[in-house]
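K.L.:
Sequence and predicted structure below; questions after.
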Amino acid sequence: MSNSNRKLGLMPGSVVYTGENPNYNITITVIYYSKDFHKRETFSSTDKIDIDLKFKGNIWINIDGINDVNLIKDIGKMFDIDTLSMEDIANPEQRVKIDDRDTYILIILKMLQMEILTKDVQYEQLSLVIKKNILITFQETPYDPFEIIRTRLEIAGARLRSQDVSYLAYILIDIIVDNYLLILDEVENEIDEIESQLIESADKDDLENIIALKQNIAILKKFISPVRELISKLQTRSMLNYFHEDMKYYLGDLNDHGIIVFDTVDMLNNRATELIQLYHSMISNTMNEIMKILAIISTIFMPLSFIVGLYGMNFDNMPELKWHYGYYMTLGLMAILVGLMIFYFKKKKWF
């Protein structure tokens, strides 16, 4: 049964995991931090999760794994997250979005990575819930590029520790967007390589590589394009309850990155389409070259065939047939014709 079919017939707000890792072990990491304090705790899904909600500083709760629906529901009840939001969090195929739910905002993004050997694009959903002094992040797997942020939070006097959770959320989103740019650079390099290969010698393997490249770009465009609108919404006045006025400069910079990413993925999509046109053009040119060579060979043999046909008619009144040097003269004439035609074709640069 298709994963999406698991939700057919269910009421809105039904929390159902529709991903590919139903038996994944979940890890919950809780980081308490303020300007002068840092504490990190880790729980498994079987542990009793004890979170100090009375902590006066900031709290970052990260859940690695969303396959345990009961745990997701418990987290939702603990922080008063409605079932519609929990339904979106448990659905890894949820579109990129931002929702203002009055007491918190929900942001859903896709983290992307490219396999080094296969060049395939892999994606993982990241959901962020921002509520007062608490940031909750839900991930499908333990992979994320955020370990450097956790390390920075451990450093006494780090600027990140003196900021609220909205700044931390901005940092996480900025890392994801910057990672998009790294992946797009890899895709652009791949396009350049395929383009050079096509110009040198196009073959069937190149078309397969282009199709695989188009599929990867389609994935990138699907998840990257909506990010521009998401970042724009972060700059609206309705978000001031979560991102204070001092954040507008950071969000403006993030918006610039979003525009660059959007324009880049659109440009790469156009270039990939042009690669297909270039492939067909190069194949057509190759066929034209083959046909030209065959036409030249046929043209060279046309007068030779005429001479052979002429003297193959076996009429009695053909004096040349009885001439002692007739055979050698005919061969010489044929050789001279071939030489003259090759010289002419070379002079015209036909080959």
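P.N.:
All right, it came through fine.
K.L.:
Which elements pack onto whichever helix or strand L251 is part of?
P.N.:
Element membership of L251 [criterion: DSSP states H and E] is helix 248-310. The contact analysis (3 or more CB pairs under 8 Å, 6 or more residues apart in numbering; DSSP states H and E) places helix 248-310 against helix 165-200, helix 204-234, helix 326-347. The way it works is simple: take the backbone N, C-alpha and C, and place the C-beta from them, glycine included.
K.L.:
Next, the angle from it to helix 165-200.
P.N.:
10 degrees (axes from the mean of the first three to the mean of the last three CA atoms, to 10 degrees).
K.L.:
returning to what we had before: and M111, which of the helices and strands packed on helix 248-310 is closest to it?
P.N.:
Of all the helices and strands packed on helix 248-310, helix 165-200 sits nearest to M111, with 5.7 Å by CB to CB.
K.L.:
pLDDT (mean, whole number) over that closest one?
P.N.:
Computed over helix 165-200, the mean pLDDT rounds to 92.
K.L.:
cool, and stretch 16-33?
P.N.:
Mean per-residue pLDDT for stretch 16-33: 82.
K.L.:
thinking again about what came up before, got the helices and strands packed on helix 248-310 as TSV, with distance to Y242 and mean neighbour count columns?
P.N.:
Shown next, in TSV, are the helices and strands packed on helix 248-310 (distance: least, CB to CB, whole Å; neighbours: other CB atoms under 10 Å):
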stretch	distance to Y242	mean neighbour count
helix 165-200	6	17
helix 204-234	9	17
helix 326-347	76	12
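K.L.:
And these: which comes nearest K292?
P.N.:
Proximity to K292 (CB to CB) singles out helix 326-347 among the helices and strands packed on helix 248-310, at 9.9 Å.
K.L.:
and that closest one, what does it pack onto?
P.N.:
Helices and strands touching helix 326-347, by 3+ CB pairs under 8 Å, 6+ apart, are helix 248-310.
K.L.:
how far is the helix it packs on from where the chain is centred?
P.N.:
23 Å (CA atoms, centre = their mean, to the nearest Å).
K.L.:
can you check stretch 183-194 too?
P.N.:
Computed by CA atoms, centre = their mean, the chain-centroid distance of stretch 183-194 equals 10 Å.
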